[in-house]
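S.K.: Would you be able to build a 3D model of this:
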Amino acid sequence: MTEVSTRVDLALLGIRVDVPVRRHAGAGPSDDGHVLFGGAGAAVPIRSDSPYTLRGDRLLLNGADLGVSVEPVRRPRFYDLRTADDVPYEQIAKLHGADVLATTVVQTCIRYAEDQRCRFCAIEASLEAGQTVAVKRPEQLAEVAAAAVRLDGVRQMVMTTGTSAGKDRGARHLARCVRAVKQAVPELPVQVQCEPPGDPATLGELHAAGADAIGIHVESLDDSVRARWMPGKSTVPLTEYRAAWAEAVRVFGRNRVSTYLLVGLGEDPDELVSGARELIDMGVYPFVVPFRPLSGTLATDVDNARPPTPRLLEDVTRRVAQELRAAGMSGTEQKAGCAACGACSALQTAGG
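M.R.: Numbers count the residues shown, from 1 in each chain. Next up, the predicted model:
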């Protein structure tokens, strides 16, 4: 079994182990425990029915040692602290992988009504469960980021947001948050994530605030798939996404812009790879991630949806990684963000 095949298998079948750093619900695409797979960050499902287990730091498949090191990520020390206004740091931002600080700066979304919601998303579930706060203030994020860098060696930060009703779709609050974090820890690379802002000039504001990279996530380039899985978000036409990606590449630079492509939504795999190639030609990194139904989403509660097969996920991942290598693009070269972290995808293992 190759390392890529094993990494793909883990992404879908998970591992039977307890881990101290785990994410429950949220915007997706993962609802996972965080481990180091061969030294690299990996977000994998924690499942009692998985054929994969650990003995020490060795990965076992049905009891057989695969020769791969897997080590749970340690609970960060900053989780023990509270902000100046007495909010637990863990409710402001969470550790992803071994060294990535991640936060959703606005935990509500105008598209969360059932007839509009992305069917793989549970962005408001963690808020309803009392695990986070609705709006993270810039000064709170700056305080937590400084502590995470100082205490736990965090090396990058990701800020995403639910979509707001404003024309900027939440980008301007992101800019305020980035500015505050950069004032507190200037050396910390930050990626922001949002829908295409109504005014493309807003992308320049995000960059001027100090953002090093940006994710503008489309999830699928197939309009029929978008209409089914993202009824609200699909009202933003692909032409608007392409214009936003082009402007973002102009502002942030090639391989500083990324987008999610979810494998398993029903899109033709050849067309998915072709779409990824189109994005790469634009200078946009297509972060290929398996769709997996998360608890609390419509995918599980209504659709009873299923993830892709390992064979499909590995095939698409390998082909997109090959396109990235041919273009001289890699996730590890990005300063911050999901592609730089790589924990939710097997792309980096495949050489992308």
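
S.K.: Run through the residues that contact residue 290.
M.R.: Listed by Cβ atoms under 8 Å, 6 or more residues apart in numbering, the contact partners of residue 290 are 8, 11, 12, 29, 262, 263, 264, 307, 308, 313. Where C-beta positions appear, they are placed from N, C-alpha and C, glycine not excepted.

S.K.: Most neighbours among those, which one?
M.R.: residue 11 (30 neighbours; other Cβ atoms under 10 Å).

S.K.: follow-up on the earlier one: which members of the contacts of residue 290 are positioned in strands?
M.R.: Of the contacts of residue 290, the ones assigned to strands by DSSP state E are 262, 263.

S.K.: pLDDT check: weakest of the contacts of residue 290?
M.R.: In terms of pLDDT, the weakest of the contacts of residue 290 is residue 29, which scores 47.

S.K.: since we're on residue 53, how many residues are nearby?
M.R.: 15.

S.K.: Report the spatially nearest residue to residue 194, omitting neighbours in sequence.
M.R.: Computed as Cβ to Cβ, 6 or more residues apart in numbering, the closest residue to residue 194 that is not its neighbour in sequence is residue 171, at 4.9 Å.

S.K.: Check residue 57 too.
M.R.: Nearest one to residue 57, counting by Cβ to Cβ, 6+ apart, is residue 71 at 4.7 Å.

S.K.: tell me the SS of that neighbour?
M.R.: Following DSSP: H, G, I helix; E, B strand; the rest coil, residue 71 is assigned to strand.

S.K.: what's across from it in the sheet?
M.R.: Beta bridges link residue 71 to residue 36, judged by DSSP bridges.

S.K.: Next: residue 46.
M.R.: Per DSSP bridges, the residues bridged to residue 46 are residue 15.

S.K.: Am I right that residue 267 is in a helix?
M.R.: No - assigned with three-state DSSP, residue 267 falls outside any helix and is coil.

S.K.: Next, the contact list for the residue nearest to it when sequence neighbours are not counted, please.
M.R.: Taking Cβ to Cβ, 6+ apart, and ignoring the residues beside it in sequence, residue 267 has residue 222 as its nearest neighbour in space, at 4.6 Å. Going by Cβ under 8 Å, 6+ apart, residue 222 touches 265, 267, 268, 271, 272, 275.
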